[in-house]
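>>> for reference, the sequence and a predicted model appear below.
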Amino acid sequence: MRSRLANAGVGLWAGLVLLAFSFLYWMQADALPRSSLGGSVGSDGLPKLLGGALAVMSCLLIVQSLLASPEKRQQDREGLPSRLELLRALGFWVIAAGFVLALPWLGYPVAVAAVLLAIGMYYGRRPSAWLIGFALAGAAIFYLLFHTLLGVPVPTGIFMDLLAR
């Protein structure tokens, strides 16, 4: 007969991965530079709080999976996403990673328009005037919201530099 640890299943592994992630997150938060202008709670306060909360939730998930009945563990296994669903999610993450990598060079408005167009096409829309208009309008709205209204500095990229000349 297999041990409870061997039968713990998805919840245990997810909890262990999230616990490791929370540790790495905490370490990165702890490495944030300290400011003499900060009060009693520095710039690392909120990230450390989030890392600690993730660690607590991960431990609860681990305990819950170890105490779960065999029927519950079987239900958890049956509720897992299919391989196709995982690949579609991975494709979305690849688009997001491309956005992050292209952002400094393309600039915020162009990168946002490109990612909105790519996501629309990824989810089945054919390239059309409507989809291009949606991507351009979305980029303009996000640029106005973050750069103009909220004053968040956004990367300008090579295209905005060329237009400014």
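Sure thing, it's come through.
>>> the domain parsing of the protein - what is it?
4-78, 83-164 (automatic domain parsing).
>>> as CSV, those with mean pLDDT would be great.
Formatted as CSV, the domains of the chain follow (pLDDT from 0 to 100):
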stretch, mean pLDDT
domain 4-78, 80
domain 83-164, 90
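>>> need those in TSV (columns: mean neighbour count).
Just so you know, the C-beta spots here come from the backbone N, C-alpha and C atoms, and that holds for glycine as well. TSV is the format used below for the domains of the chain (neighbours: other CB atoms under 10 Å):
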stretch	mean neighbour count
domain 4-78	14
domain 83-164	14
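>>> need the contact partners of stretch 149-156.
103, 104, 107, 108, 111, 143, 146, 147, 164 (CB atoms under 8 Å, 6 or more residues apart in numbering).
>>> next one: that stretch to chain centre, how far?
20 Å (CA atoms, centre = their mean, to the nearest Å).
>>> quick check: end-to-end length of that stretch?
16 Å (CA to CA, to the nearest Å).
>>> return the subset of the contacts of stretch 149-156 lying in strands.
Among the contacts of stretch 149-156, DSSP state E puts none in strands.
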